[in-house]
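Student: Please work out how this folds:
(one chain, ligands or ions: 1)
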Amino acid sequence: MANGQQVIEQFETFAPKKFAFEGDPIGLQIGTLNKEIKRVLVTLDVLESVVDEAIEKEIDLIIAHHPPIFSKLPKVTDQSAAGRIVMKCIKHDIAVYAAHTNLDVAEGGVNDLMAQALGVTDTTVLVPSFENTVYKLVVFVPEEAVAQVSEALSRAGAGHIGAYSDCQFHTTGTGQFKAAIDTTPYIGQAGKLERVTEVRIETVVTELNQKQVIRAMKKAHPYEEVAYDLIREEINAPSLGLGRIGYLKEAMPLKAFAEHVRTVFAVDNLRFVGDEKQMVRKVAVLGGDGNKYVSTAAFAGADVLVTGDLYFHVAHDAMALGLAVVDPGHHVESVMKQGVVDFLTKRFHDQKIDVDVLISTANTNPFHFL
Ligand SMILES: [Zn+2]
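Tutor: Okay, here's the model as predicted:
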């Protein structure tokens, strides 16, 4: 059991709210987080069938990708599906939280999960939307505590430069300080000037992990007052954003790739645009409705784009651009269910939070094929 705020705080280390696109109604949509939570249900959509499943499984919190209240909901009555969903959730004290575009953008989110499932590697972001600022972190540590502070910094995520982790620079020097009378200094005596050998540890952190790194650093540091600098760098970490573009291990004909997509996402049928014999290797993926990004994928050099909800005229545009498109449907975003369950299960385990995370088994795909 854990407090709802605490549960969402853990989730937001994965998909922070600041990744969301403007106007996207993410976050808590129904109910309250000021309550104890025993069980979480992860779903793509919140349909009535999912709420019924949640009631049956005694769920306290639903985490969904698609916000159930997306446009204005002028009335909450049993005369509309959305109204019934809200009423049922409140009656059974089930909170509903949505992570939509922020989960698309998140590292390890919808788009990464799709790319991984398809075996697309060496991926970069297709549509950048969030610049992740880099900061230099400098901290002064007494010699005997260098190992513990250095390790705490790395474990909290400091020191990532490209494919290298644990990057730090250490220099030894002399630190001096005079502690006020009412303090209990770790070294020396209150009111007396002290000079000690200290190590200056330099490393890098980003906008996203700086808070957790500084918290871990202070916890591992023996001093009452930790002396550190956090300096904004004029370089950016790789951007985050929508969609991914990367490579298949080997080129394959479009038809074989389309079959691969169908198998991976276990869909009955899919549509594809392009010559079935054309070879594809550079693959763009964009979960959900990717109509707006057909030319982006083409200009990024993709041979094929995997996305949902493709319009007839956009398919013509793709043909004109020489870009193949495979549309397995919007519902393949349901790969997020297992991804979020895996993340939260591990995170709760590591943080010793006793909350069960369940995957929704209700089928929310509205389409049948003949
Ligand atoms: Zn979607």
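Student: Find the closest residue to the ion in the stretch 201-350 of the chain.
Tutor: residue 288 (3.2 Å; CB to the ion). Bear in mind the C-beta positions are built from the backbone N, C-alpha and C, glycine included.
Student: how about residue 132, secondary structure?
Tutor: The local conformation at residue 132, judged by DSSP: H, G, I helix; E, B strand; the rest coil, is strand.
Student: related to what we said a few turns ago, name the residues of the helix or strand the residue of the stretch 201-350 of the chain closest to the ion falls within that come out as buried.
Tutor: Assigned by DSSP states H and E, residue 288 belongs to strand 279-289. Using 16 or more other CB atoms under 10 Å as the burial criterion, the residues of strand 279-289 that qualify are 280-288.
Student: That strand pairs with which strands, and in what direction?
Tutor: Strand pairing for strand 279-289, using DSSP bridges, gives strand 228-253 (antiparallel), strand 304-308 (parallel).
Student: Lowest average confidence across those, which one?
Tutor: In terms of average pLDDT, strand 228-253 trails the rest of these, at a mean of 92.
Student: Contacts only, for the residue of the stretch 201-350 of the chain closest to the ion.
Tutor: Counting by CB atoms under 8 Å, 6 or more residues apart in numbering, residue 288 touches 104, 110, 307-309, 330, 333.
Student: Please identify the deepest-packed of the strands paired with strand 279-289.
Tutor: Mean neighbour count, computed with mean count of other CB atoms under 10 Å, is highest for strand 304-308 among these, reaching a mean of 26.
Student: Quick one: name whatever helix or strand follows it.
Tutor: Per DSSP H and E, the first helix or strand lying C-terminal to strand 304-308 is helix 312-321.
Student: Which secondary structure elements does that next one sit against?
Tutor: If you count contacts as 3 or more CB pairs under 8 Å, 6 or more residues apart in numbering; DSSP states H and E, helix 312-321 packs onto strand 271-273, helix 294-299, strand 324-327.
Student: again, only using 10 Å
Tutor: Applying 3 or more CB pairs under 10 Å, 6 or more residues apart in numbering; DSSP states H and E, one finds that helix 312-321 contacts strand 271-273, helix 294-299, strand 304-308, strand 324-327.
Student: buried ones in it?
Tutor: Within helix 312-321, the residues that qualify as buried by neighbour count (16+ other CB under 10 Å) are 314-315, 317-318, 321.
Student: Next, format those as JSON lines and append distance to residue 87.
Tutor: Formatted as JSON lines, the buried residues of helix 312-321 follow (distance: CB to CB, whole Å):
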{"residue": "314", "distance to residue 87": "38"}
{"residue": "315", "distance to residue 87": "41"}
{"residue": "317", "distance to residue 87": "43"}
{"residue": "318", "distance to residue 87": "43"}
{"residue": "321", "distance to residue 87": "47"}
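Student: low pLDDT regions in the chain?
Tutor: Counting by pLDDT under 70, the chain contains no low-confidence range.
Student: Which residues of it lie near the ion?
Tutor: 288, 333 (CB under 5 Å from the ion).
Student: ok, longest helix in the chain?
Tutor: Determined from DSSP state H, the single longest helix within the chain is helix 335-350.
Student: what's the spacing between that one and its chain's center?
Tutor: Remark: helix 335-350 is offset 11 Å from the chain centroid, using CA atoms, centre = their mean, to the nearest Å.
Student: Got phi/psi on the most centrally placed residue in the chain?
Tutor: By CA atoms, centre = their mean, the chain has its centre lying nearest to residue 106, at 2.9 Å. Per-residue torsions, residue 106: phi -50, psi 140 (degrees, to the nearest 10).
Student: Much appreciated, bye for now.
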